[in-house]
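1. Quick one, what's the 3D model for this:
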Amino acid sequence: MSILSLNCRGLGHPDAVGALRHLLRREAPAMVFLCETKLSGHEIRTVRAKFDSYFGMEVDSVGRSGGLAFWWNKEINCEFVSSSVHHMDFIIRDGNGDWRVTGFYGWPMVADRHLSWELLRVLGRQSTLPWMCIGDYNEILYADECGLVDVRYEGYAFTWDNGQAGDDNRQ
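-> Residues are numbered from 1 along each chain as shown. The predicted structure follows:
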């Protein structure tokens, strides 16, 4: 099962939606977490409507800051648990047993970043299921502070590609 997590830094521009469409067609992830969309839930749902193979949930931006979306393939049994402007938490029920996935967007202001770790501690105490956290933490000092373990990455080495060919390609 593949999961795609992107910091969108605004998804309102048609070029951004086109790039996302290209990426989803190429990678065909089972789940997608988008953070910092800078859109209202309604606006994100309008974008999601262009990708008819996904169910999803959205969290409104606060003004033009933040905004979250979590989409999953319609074949996945995904159960909503909780959300805030900084997270979206779900239980995935599959043939291998239940597990938990949290899309996370950490506090961007340096003075508030300790709140990111506190939220992760609170979320971590809410379940004993195997747990995957994805997203943008806006700060990683010590992963073991919250019992996090680095999962080896396999696949494409870059998180962004402009989709151009040859020397015009930027990654």
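2. With L4 as the reference, measure out to the nearest residue to H87 once chain neighbours are set aside.
-> Residue nearest to H87 in three dimensions, not counting chain neighbours: F104, with 5.1 Å by C-beta to C-beta, 6 or more residues apart in numbering. In short, each C-beta sits where N, CA and C put it, glycine included. Going from F104 to L4 by C-beta to C-beta, to the nearest Å gives 15 Å.
3. Neighbour count: those two, which is higher?
-> Higher neighbour count among F104 and L4: F104, with 23 against 18, using other C-beta atoms under 10 Å.
4. Show me the strands in this structure, by range?
-> 3-7, 31-35, 54-62, 65-73, 77-84, 87-94, 97-105, 131-136 (DSSP state E).
5. So what touches the first one?
-> In this case it means strand 3-7. Identification of contacts with strand 3-7 by C-beta atoms under 8 Å, 6 or more residues apart in numbering yields 20, 23-24, 27, 29-36, 101, 103, 105, 132, 134-136, 159.
6. just checking, Y54 touches A30?
-> No. When contacts are counted by C-beta atoms under 8 Å, Y54 is not listed as touching A30 (9.5 Å).
7. Might you report the residue contacts of F80?
-> F80 neighbours (C-beta under 8 Å, 6+ apart): 57, 89-90.
8. ok, and for stretch 86-95, which residues are buried?
-> For stretch 86-95, the buried set under the neighbour-count rule, 16 or more other C-beta atoms under 10 Å, comprises 86-92.
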